[in-house]
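A.B. asks: let me see the structure of the following:
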Amino acid sequence: MRILVVNPNTNPATTRMMVEAARSALSALAEEAVVTGVTAASGPGMIVDPEALVAAARPTVLAALAGVEEHRPDAVLVAAFGDPGARTLGDLLPVPVVGIGEAAVLAAAASGRRFAVVTTTGLLAESLDELVRRHCPEKADYAGLFLTDGDPEALAADPHRNVAALGGAVDDAVAAGCEVVVIGGGPLSDAARVLAERTDVQVIEPVPSAVALAVHRVSAAVTATTW
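C.D. replies: Here you go, the predicted model:
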């Protein structure tokens, strides 16, 4: 299996981190796969507001199409929580396209327990809430978004502050009765792993969730073709 991770942020270091997160998730699933990453050539270095989310869509699509041409993947992951360009790519490509936001929400809803999304990008609250509700079944117990204090780019530059801020928001979600927490951001993968070891609630990481959903969709497509 070949998986292409597309980073809508123009930060190659973030791409490498998310590629490694995808590889680790595949190893945990006992799946053999080649994971390749591509980075948007233009647009925001970090998606922190609605304007950046919109601006990231076209560069994401272009990066993905170039990556598909070069690497011929079986599935494409759009690795920003707002899933910029994912719907367009789903219409253009013959392989499964999975947004990490979509995958994380579906995983949380499938738990059957009360869940929340915790993130650092408060200016994206309305956009992310709409994304969650678009993918969330009506019966799911969604408690809403819980946001950190502080500038998201400053937090991203300081891993210890980032984990502490996200941990405080996780505590707020738990106080609201949540048993499952989605860490809303591909670049937050490292922080999510640290938090998963520090809390008793289930912490859902978007990149591994997207890997699992991509593997499922590729397998389902192969089965359908075989029959």
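A.B. asks: the helix or strand containing A116 - contacts with which helices or strands?
C.D. replies: Per DSSP states H and E, A116 falls inside strand 115-119. Packing partners of strand 115-119 (3 or more C-beta pairs under 8 Å, 6 or more residues apart in numbering; DSSP states H and E): helix 100-110, helix 125-135, strand 142-147, helix 159-175, strand 180-183. Every C-beta, even on glycine, is put in place using the N, C-alpha and C of the backbone.
A.B. asks: for V78, find the nearest of those.
C.D. replies: The closest of the helices and strands packed on strand 115-119 to V78 is helix 100-110. By C-beta to C-beta, the value is 6.7 Å.
A.B. asks: point to the residue nearest the middle of the chain.
C.D. replies: For the chain, the residue nearest the mean C-alpha position is I100 (2.8 Å; C-alpha atoms, centre = their mean).
A.B. asks: contacts only, for it.
C.D. replies: Neighbour list for I100: 77-81, 83, 186, 206-207, 209-210 [criterion: C-beta atoms under 8 Å, 6 or more residues apart in numbering].
A.B. asks: quick one, domains of the chain?
C.D. replies: 2-99+208-226, 102-205 (automatic domain parsing).
A.B. asks: TSV please, covering these and showing mean pLDDT and mean neighbour count.
C.D. replies: Conversion of those to TSV gives the following (pLDDT from 0 to 100; neighbours: other C-beta atoms under 10 Å):
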stretch	mean pLDDT	mean neighbour count
domain 2-99+208-226	94	20
domain 102-205	94	19
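A.B. asks: and stretch 133-140, how far apart are its ends?
C.D. replies: The stretch stretch 133-140 measures 10 Å between its terminal residues, going by C-alpha to C-alpha, to the nearest Å.
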